[in-house]
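**Q** I'd like to go over a predicted model; first the sequence, then the structure.
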Amino acid sequence: MATDEMTVKPKGGRGKRADYTTVQVRCPEPIKEAVVNLINQWHLGEVQPSESVTELTELKTEIEALKQVNQNLNTTIEELRKRNEELEAILEVNTLKAELNGCNQNLNTSIEEREPLNLNTSNSVTQKLNLNTGINPKALEILEQSLSLKSNAGGKIKEAIRQALTLLK
């Protein structure tokens with residue numbers, strides 16, 4: 001394509017002027033190829049100056065159509081972003097619900113496991129308490145006597161406690 005452009009364009013400069021005036025214009029990238037083709041056709045004589053107005057009108061129409069497509073795409077992208085945010089929020093809520101359900105199941109399982117343990121513990125404590133009320137009278141007497149000993153009789157107190165524990169076992 002670059003070689004076609006070089007052969008089609010008349011050479012100018014250093015005293016050689018083209019028989020027409022030129023203007024430099026910035027062109028949108030999506031229609032650059034159409035503009036270059038139109039210029040090449042004009043250089044070859046395939047396009048008359050009156051026809052270029054028609055071509056330019058078509059290009060303007062195409063530019064407007066591209067602007068509308070671009071605007072529609074931007075709107076669609078924004079709508080998709082909003083929908084994505086909504087879906088992420090729903091996903092997060094569903095994840096939290098699933099975690100909550102799992103925690104509830106673990107809690108229920110834990111409660112079911114604890115109730116028998118509490119009953120068993122309660123039974124064993126009650127049994128021990130009942131056993132302690134029927135304490136060996138001899139051990140009780142030794143412990144009561146150790147309470148009446150003076151504070152500096154540490155060895156005698158320890159010995160009395162040892163005897164009482166031996167009788168309780």
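**A** Cool, the structure landed. Numbering: from 1, shown residues only.

**Q** where are the low-confidence patches of this protein?
**A** Applying pLDDT under 70 to the chain flags the ranges 1-13, 47-54, 114-135, 149-151, 153-154, 168-169.

**Q** cutoff 90 now
**A** Scanning the chain for pLDDT under 90 picks out the ranges 1-25, 28, 30, 34-63, 93-169.

**Q** which residues of it fall in helices?
**A** Under the criterion DSSP state H, helices of the chain are mapped to 2-8, 32-44, 49-133, 137-148, 154-168.

**Q** with just CA atoms, put the last one into CSV.
**A** The C-alpha atoms that make up helix 154-168 are tabulated as CSV, following Å, rounded to 0.1, in the frame of the first residue of the first chain:
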residue,chain,number,x,y,z
GLY,A,154,3.2,-27.7,110.5
GLY,A,155,4.5,-31.2,110.5
LYS,A,156,1.7,-32.6,112.6
ILE,A,157,-0.9,-30.9,110.4
LYS,A,158,0.7,-32.5,107.3
GLU,A,159,0.8,-35.9,108.9
ALA,A,160,-2.9,-35.6,109.9
ILE,A,161,-3.9,-34.7,106.3
ARG,A,162,-1.9,-37.6,105.0
GLN,A,163,-3.6,-40.0,107.3
ALA,A,164,-7.1,-38.6,106.4
LEU,A,165,-6.3,-39.0,102.7
THR,A,166,-5.1,-42.5,103.1
LEU,A,167,-8.4,-43.4,104.8
LEU,A,168,-10.5,-41.7,102.1
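
**Q** residue 63 contacts residue 28, correct?
**A** Yes - contact criterion C-beta atoms under 8 Å: residue 63 and residue 28 qualify, at 6.4 Å. Backbone N, C-alpha and C define where each C-beta goes, glycine included.

**Q** re earlier: tabulate the helices of the chain in a markdown table, adding columns for distance to residue 20 and mean neighbour count.
**A** A markdown table is the format used below for the helices of the chain (distance: least, C-beta to C-beta, whole Å; neighbours: other C-beta atoms under 10 Å):
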| stretch | distance to residue 20 | mean neighbour count |
| --- | --- | --- |
| helix 2-8 | 14 | 9 |
| helix 32-44 | 9 | 14 |
| helix 49-133 | 9 | 10 |
| helix 137-148 | 127 | 13 |
| helix 154-168 | 123 | 14 |
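
**Q** thanks a lot, catch you later.
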